[in-house]
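Colleague: Quick check, what structure comes out for this input:
(4 chains)
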Number of protein chains: 2
Amino acid sequence: MSPRGRPRAFDREKVLAEAMHVFWERGYEGASLAELTAAMGINPPSLYAAFGGKESLFREALELYGVTDGQYTARALREQPTARASVEAMLRDNARAYCEPGHPTGCMVVLAATNYTGASQGVHDYVAELRAATKDKLRKRLRQGVEEGELAEDADVGALATFYTTVLHGLSLQARDGADRAELDRAIDLAMASWPRP
Amino acid sequence: MSPRGRPRAFDREKVLAEAMHVFWERGYEGASLAELTAAMGINPPSLYAAFGGKESLFREALELYGVTDGQYTARALREQPTARASVEAMLRDNARAYCEPGHPTGCMVVLAATNYTGASQGVHDYVAELRAATKDKLRKRLRQGVEEGELAEDADVGALATFYTTVLHGLSLQARDGADRAELDRAIDLAMASWPRP
DNA sequence: TCTTTTCTGTAGTGGTCGATACAGAAAACT
DNA sequence: AGTTTTCTGTATCGACCACTACAGAAAAGA
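Modeller: Below is the predicted model:
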């Protein structure tokens, strides 16, 4: 049952969470191996043996983010009963998470790789795909709202998806610039005022 | 009249514009001296003699941006007759500029330094101050709208400033992710639908 | 106990980072 | 012409980057 050789001296999930926080705050390129290993409490060879390299560590950190602090968008679109409730929960739950103490502010997917330097093109493209996929899920949920009669037949679901994605991404930057939860919530009040009236 | 020694072999404003484009696309840290000097067509010693260093070059590039491709926000708030027209012109003029060919997409002030790596803390703080100053100018313009009777006395100008700043910043990310001008304009239609009704 | 396997820490690898020392070139001043 | 001043290109600088070779340590299997 136990693996053959010397057992790992650290908790893989635990140090991955530490790596996630570093990437979240510094971005992919801004996070150096020195800072990562220091935060994880391990040495470079252990990092490479357990995670393969900086890029695959980042991708694993993104996966962990998606099922922890970054789960609220997918959950809102999945669990809320109406399209409107989905959008509002998406904005409010994320805004709350963006300002929570104990981890960096804003969304890791929005902030970790907005710039690219050629060398990290692959990582940049991957994160951009995650953002595009989320936007597409939102559009599908809005389309479902049209089919269920919640939204008018001629509602511009593409524009609504772009608008609420724009707001969601903008909230990340506001949080990173120091806005608190109350301020974000008042901005969300205004964003929800744009919802098509019946 | 002419300076004493050997004359500079390049146009200072011209190479500064090239540097601005590199910083705009790559961000402050992502722009390497090698890429900057290659784009500017000069060697490192010429860059240091003319601009002092990477950080002061970046600050000069930001100043140039503020009077060229990044002038639309300040202009809209200064020249439009009403607060509402100011906000709408701010959004639409910037959205148009974000998608223009011939330069990187999105806003340099939003994209050039969202992450920080400790070493570039000063640059990060400076750009964050620029964003905060713009948000404050917007708030003042909205306050003026209240004083002139365009907006109700109890209008939440702080929330409006946060909301439209959120949208403006979000549009930069949408543009960077490939959205075209028509898509941004439809999102702006929705953002303007949040404007307080009389 | 002895071998095999896998992890650990030390101490580096070559490469690139931002920034410069230096010498020659090109202008103005005398 | 000769001196002074400033810019230009070459050829680096030490520091840091992501990454790894290597040997010793700690477990399982024989």
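Colleague: From here on, just use CA atoms for contacts and neighbour counts.
Modeller: OK.
Colleague: tally of neighbours for residue A:152?
Modeller: Per other CA atoms under 10 Å in any protein chain shown, the neighbour tally for residue A:152 reads 15.
Colleague: My error: substitute residue A:85 in the last question.
Modeller: Residue neighbour count, defined by other CA under 10 Å, stands at 14 for residue A:85.
Colleague: does the host helix or strand of it come close to chain B?
Modeller: In this assignment (DSSP states H and E), residue A:85 forms part of helix A:83-99. No. Judged by CA under 8 Å from any CA of the partner chain, helix A:83-99 stays clear of chain B, getting no closer than 12.1 Å.
Colleague: Buried residues, that helix. List them.
Modeller: Neighbour counts over helix A:83-99 (16 or more other CA atoms under 10 Å in any protein chain shown) mark A:83-84, A:86-99 as buried.
Colleague: out of those residues, which one sits closest to DNA strand C?
Modeller: Among those, residue A:98 lies closest to DNA strand C (CA to the nearest atom of the strand), at 30.1 Å.
Colleague: Can you pull the residues of chain A lying near DNA strand C?
Modeller: A:3-10, A:42-46, A:49-50 (CA under 7 Å from any atom of the strand).
Colleague: what about the helices in chain A?
Modeller: A:12-26, A:33-40, A:44-51, A:54-67, A:72-79, A:83-99, A:108-111, A:121-147, A:157-176, A:181-192 (DSSP state H).
Colleague: just for chain A, where's the confidence low?
Modeller: With pLDDT under 70 as the threshold, chain A has low-confidence stretches at A:1.
Colleague: Could you list the domains of it?
Modeller: A:12-65, A:70-193 (automatic domain parsing).
Colleague: Could you say which of the ones you listed is packed most deeply?
Modeller: Among these, judged by mean count of other CA atoms under 10 Å in any protein chain shown, the one packed with the most neighbours on average is domain A:70-193 (a mean of 20).
Colleague: Does DNA strand D have contacts with that one?
Modeller: No. Judged by CA under 7 Å from any atom of the strand, domain A:70-193 and DNA strand D are separated, with a smallest distance of 10.0 Å.
Colleague: now that domain, how far from the chain's geometric center?
Modeller: Here the centre of domain A:70-193 is set off from its chain's centre by 9 Å, with CA atoms, centre = their mean, to the nearest Å.
Colleague: End to end on it, go ahead and measure it.
Modeller: End-to-end distance for domain A:70-193: 25 Å, by CA to CA, to the nearest Å.
Colleague: Stretch A:139-156 now?
Modeller: Length of stretch A:139-156, first residue to last, CA to CA: 10 Å.
Colleague: Output the domains of chain A in JSON lines; the columns should cover distance to residue B:166.
Modeller: As requested, these are exported to JSON lines (distance: least, CA to CA, whole Å):
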{"stretch": "domain A:12-65", "distance to residue B:166": "20"}
{"stretch": "domain A:70-193", "distance to residue B:166": "4"}
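Colleague: ok now do residue A:19, which residues does it touch?
Modeller: Counting by CA atoms under 8 Å, 6 or more residues apart in numbering or on different chains, residue A:19 touches A:36, A:39, A:40, A:57, A:58, A:61.
Colleague: what about stretch A:112-127, how long is it end to end?
Modeller: Its start and end residues considered, stretch A:112-127 measures 8 Å (CA to CA).
Colleague: one step back: minimum distance to residue B:104: which of the helices of chain A has it?
Modeller: Nearest to residue B:104 among those is helix A:121-147 (15.6 Å), distances taken as CA to CA.
Colleague: report the angle between the axes of that closest one and helix A:83-99?
Modeller: Helix A:121-147 runs at 150 degrees relative to helix A:83-99, counting by axes from the mean of the first three to the mean of the last three CA atoms, to 10 degrees.
Colleague: who does helix A:121-147 touch, helix- and strand-wise?
Modeller: When contacts are defined as 3 or more CA pairs under 8 Å, 6 or more residues apart in numbering or on different chains; DSSP states H and E, helix A:121-147 sits against helix A:72-79, helix A:83-99, helix A:108-111, helix A:157-176.
Colleague: In terms of secondary structure, what does the first one contact?
Modeller: With contacts defined as 3+ CA pairs under 8 Å, 6+ apart, the packing partners of helix A:72-79 are helix A:83-99, helix A:121-147.
Colleague: out of the ones you listed, which comes closest to residue B:109?
Modeller: Of all the helices and strands packed on helix A:72-79, helix A:121-147 comes closest under CA to CA, at 19.2 Å.
Colleague: on that earlier part again, who does the helix holding residue A:85 touch, helix- and strand-wise?
Modeller: helix A:72-79, helix A:121-147, helix A:157-176, helix A:181-192.
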